[in-house]
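Peer 1: what follows is a predicted protein model with its sequence.
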Amino acid sequence: MLPLCVILAIVIFITSKRDSHPVYHFLFAYLGFLVSVLWIYSIANEIVNLLQMFGVQFSLSTEVLGLTLLAWGNSIGDLVSDITVAKQGFPRMAIAACFGGPLFNMLLGIGISCTIAAIRNDGVFHVSFSELQMVLAGGLGVSLLSSLFFMLCTRFNATRIYGFYLYALYLGFLVIALLTESKVIKW
């Protein structure tokens, strides 16, 4: 990789002039974008590997890691941007972003990765199923259906009660999932 970089640096040095941009100057933007994507990909992989190491060290399953540490880390950016949008006077846009952003990421991320996995395995995609995954799916279903019901009943006015309800729902869901993982609750 280093020899390629040295060769490209020499070519750019020879073909560039101090008073004008080279003909291929627009390619630097694409190259910068590609390099930033590679950095983000590399750093994200290292963070996930670090969290998996914590999971191995503390005997946590990948489901619990995904439910807690990875989910919290993945949601911080959405939290900050949604609070900023709401404080700027667009609460409906913030609420729509709370549901729309993760939904888009989930559908696109899971859809593309499952499609690639199915293509690699001759059109077959194996899904494992455990008690904890049943709890996770049930918690998601309860959260979405109760949010739909609450929003319809309040004519889409999100109140503090709704916020406290969601915190309580997540806390209860987290406790049930952790108790299921530690085999205290058996389904």
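Peer 2: Received, thanks.

Peer 1: quick one: name whatever helix or strand follows the helix or strand bottoming out on mean pLDDT in the chain.
Peer 2: Within the chain, no helix or strand scores below helix 62-65, which has a mean of 84 by mean pLDDT, DSSP states H and E. Downstream of helix 62-65, the first helix or strand assigned by DSSP states H and E is helix 71-87.

Peer 1: distance from the chain centre to that next one, please.
Peer 2: 12 Å (Cα atoms, centre = their mean, to the nearest Å).

Peer 1: which strands and helices sit next to that helix?
Peer 2: Secondary structure elements in contact with helix 71-87, counted by 3 or more Cβ pairs under 8 Å, 6 or more residues apart in numbering; DSSP states H and E, are helix 91-120. All C-beta atoms are positioned from the backbone trio N, CA, C, and that covers glycine.

Peer 1: so what angle separates the directions of the helix it packs on and helix 71-87?
Peer 2: Per axes from the mean of the first three to the mean of the last three Cα atoms, to 10 degrees, the angle that helix 91-120 makes with helix 71-87 is 150 degrees.

Peer 1: mind listing what's buried along helix 91-120?
Peer 2: Residues 94-95, 97-98 are the ones in helix 91-120 that count as buried (16 or more other Cβ atoms under 10 Å).

Peer 1: re the thing from before, which residues sit against the least confident helix or strand of the chain?
Peer 2: Helix 62-65 has contacts (Cβ atoms under 8 Å, 6 or more residues apart in numbering) with 51-52, 54-55, 130, 132-133, 136, 177-178, 181.
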